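Participant: Okay, predicted coordinates and the sequence, questions at the end:
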Amino acid sequence: MKLGLQLGYWGAQPPTNHAQLVSAAEAADFDILFTAEAWGSDAYTPLAWWGSATQRMRLGTSVVQLSARTPTACAMAALTLDHLSGGRHVLGLGVSGPQVVEGWYGQKFPKPLARTREYIDIIRQVWAREAPVTSPGPHYPLPLTGEGTSGLGKALKPIVHPLRADIPIMLGAEGPKNVAMCAEICDGWLPIFYSPRLAPMYNEWLDEGFARPGARRSREDFEICATAQVVVTDDRSSVLEMIKPHLALYMGGMGAEDTNFHADVYRRMGYSDVVDEVTALFRSDRKDDAAKVIPDELVDDAAIVGDLDYVRKQIVEWEAAGVTTMVVGARTVEQIQELSTLV
């Protein structure tokens, strides 16, 4: 089991202590640093800015959204950071949801699995630099031809020779088909709201992908980097209450009312009635009430909150379930130092 630091995306204002957190994580032998994006701060700029002060930690995105960049633009950003970091970059991708993709990026959302597969194929062509990059589409045709184009598009190879032709790609996936595809074509999985209780279900989806012809990895060399709330405390009930508004946002406010992949994760855990109530309250602008209806056991399913002995035992359970890296958030240097003693 390894540790990763999740810086996430920014709130209303830039954070003031992330440089200190990154330095502490590097000193505490954390394996990887992750940044994220939603519809505010991007993932790559903070990763390069704070990652420049590191020497050892891998630098990952968890996740960058497909619709924010064309496949070639994403490949350019990745190969650039991989060079600057001396081969420490990990590209974490995710499709996001229709609310963000069509509402923020102005892109079409349908066929997310086919788009992901095509997107990754193009990225790997760029990094391999074996021939000019082409794609028949239909989602990202290269070169672009047809009505409304100049007809002058040319297949190109990247000017820069990538440091690595095979930068690791991880996928933020939540549904059975997406998780299976992740196991088939990627190097790792970035689950959000992972629950060891559902490990048999997750492993069934992963095994389907591993068994497909041409699968890149096997169970033995595939990473599962699970983001989780891990808090060492003697006041367990207070911390659970602090987490609930965050969960209410993801269950009730992320995605459309009837298309919310985060909510679907909790439905699979057996909390459909809670999800329905949280969604109704959150979308009626009763966000505080939405958080209050979330039971402690729901928080417990995908978080580790308790005293030192309890947290250590839970981490062993997560490792036994297949998780290779616990990706944790931290607000202080002291929290990072405390978490580093757990694995």
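Facilitator: Here it is on my side, so go on. What you are looking at is a predicted structure, and each value in this text was computed from that prediction instead of being measured.
Participant: residue ranges of the strands in the stretch 1-150 of the chain, please?
Facilitator: Residue ranges of the strands in the stretch 1-150 of the chain, as given by DSSP state E, counting those that start in this stretch, are 2-6, 32-35, 58-61, 64-65, 89-94.
Participant: So what touches the third one?
Facilitator: Residues outside strand 58-61 that contact it (Cβ atoms under 8 Å, 6 or more residues apart in numbering) are 4, 31-37, 43-44, 47-48, 51, 81, 85, 88-93, 170, 225. In short, each C-beta sits where N, CA and C put it, glycine included.
Participant: Strands along the stretch 201-343 of the chain, start to end?
Facilitator: Per DSSP E, counting those that start in this stretch, the stretch 201-343 of the chain has strands spanning 223-232, 303-306, 325-328. These are given in chain order.
Participant: can I get these in JSON lines with mean neighbour count and mean pLDDT?
Facilitator: Formatted as JSON lines, the entries for the strands of the stretch 201-343 of the chain read as follows, by neighbours: other Cβ atoms under 10 Å; pLDDT from 0 to 100:
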{"stretch": "strand 223-232", "mean neighbour count": "22", "mean pLDDT": "93"}
{"stretch": "strand 303-306", "mean neighbour count": "22", "mean pLDDT": "92"}
{"stretch": "strand 325-328", "mean neighbour count": "25", "mean pLDDT": "96"}
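Participant: Any chance of CSV for the strands of the stretch 1-150 of the chain, columns distance to residue 307, mean neighbour count and mean pLDDT?
Facilitator: Formatted as CSV, the entries for the strands of the stretch 1-150 of the chain read as follows, by distance: least, Cβ to Cβ, whole Å; neighbours: other Cβ atoms under 10 Å; pLDDT from 0 to 100:
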stretch, distance to residue 307, mean neighbour count, mean pLDDT
strand 2-6, 19, 22, 97
strand 32-35, 27, 26, 98
strand 58-61, 30, 25, 98
strand 64-65, 36, 25, 98
strand 89-94, 32, 25, 98
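Participant: Need the strands of the stretch 201-343 of the chain in JSON lines (columns: distance to residue 140).
Facilitator: Formatted as JSON lines, the strands of the stretch 201-343 of the chain follow (distance: least, Cβ to Cβ, whole Å):
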{"stretch": "strand 223-232", "distance to residue 140": "26"}
{"stretch": "strand 303-306", "distance to residue 140": "37"}
{"stretch": "strand 325-328", "distance to residue 140": "29"}
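Participant: so which of the strands of the stretch 1-150 of the chain comes closest to residue 252?
Facilitator: Closest of the strands of the stretch 1-150 of the chain to residue 252 is strand 89-94, at 19.7 Å (criterion: Cβ to Cβ).
Participant: Show me the shaky parts of this protein.
Facilitator: Residues of the chain that meet the criterion pLDDT under 70 lie in 255-259.
Participant: what residues go with each domain of it?
Facilitator: The record assigns the chain these domain ranges, following automatic domain parsing: 2-231+307-339, 234-303.
Participant: I'd like to know which of the strands of the stretch 1-150 of the chain lies nearest to residue 13.
Facilitator: When these are ranked by proximity to residue 13 (Cβ to Cβ), strand 32-35 comes first, at 16.2 Å.
Participant: which residues sit against that closest one?
Facilitator: Counting contacts by Cβ under 8 Å, 6+ apart, the residues outside strand 32-35 that touch it are 2, 4-9, 22, 25, 43-44, 46-47, 50-51, 54, 57-62, 90, 92, 225, 227, 325, 327.
Participant: hang on, the earlier thing: now the strands of the stretch 1-150 of the chain in CSV, with distance to residue 184?
Facilitator: Supplementary listing: these in CSV, determined by distance: least, Cβ to Cβ, whole Å:
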stretch, distance to residue 184
strand 2-6, 23
strand 32-35, 23
strand 58-61, 20
strand 64-65, 20
strand 89-94, 14
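Participant: Which among the ones you listed is found nearest to residue 128?
Facilitator: strand 89-94 (14.4 Å).
Participant: Report all helices and strands that the closest one contacts.
Facilitator: In terms of contacts (3 or more Cβ pairs under 8 Å, 6 or more residues apart in numbering; DSSP states H and E), strand 89-94 is packed against strand 58-61, strand 64-65, helix 71-84, helix 112-128, strand 169-171.
Participant: which residues sit in contact with residue 189?
Facilitator: Taking Cβ under 8 Å, 6+ apart as the definition of contact, the neighbours of residue 189 are 170, 171, 173, 179, 182, 183, 206, 222, 223, 224, 225.
Participant: Quick check, residue 111 in contact with residue 139.
Facilitator: Yes: in this structure, residue 111 sits in contact with residue 139. The criterion is Cβ atoms under 8 Å, and the distance is 7.1 Å.
Participant: Settle it for me: which of the two has more neighbours?
Facilitator: In this view residue 111 and residue 139 are compared by other Cβ atoms under 10 Å, and residue 139 has more residues nearby, 19 against 13.
Participant: From residue 154, how far out is that one?
Facilitator: Between residue 139 and residue 154 the computed distance is 20 Å (Cβ to Cβ, to the nearest Å).
Participant: contacting residues around the closest residue in space to residue 15 that isn't next to it in sequence?
Facilitator: In space, not counting the residues next to it along the chain, residue 15 is nearest to residue 7; the distance is 7.6 Å by Cβ to Cβ, 6 or more residues apart in numbering. Under the criterion of Cβ under 8 Å, 6+ apart, the neighbours of residue 7 are 15, 18, 21, 22, 33, 34, 35, 36, 46, 50, 329.
Participant: Alright, that wraps it up for me.
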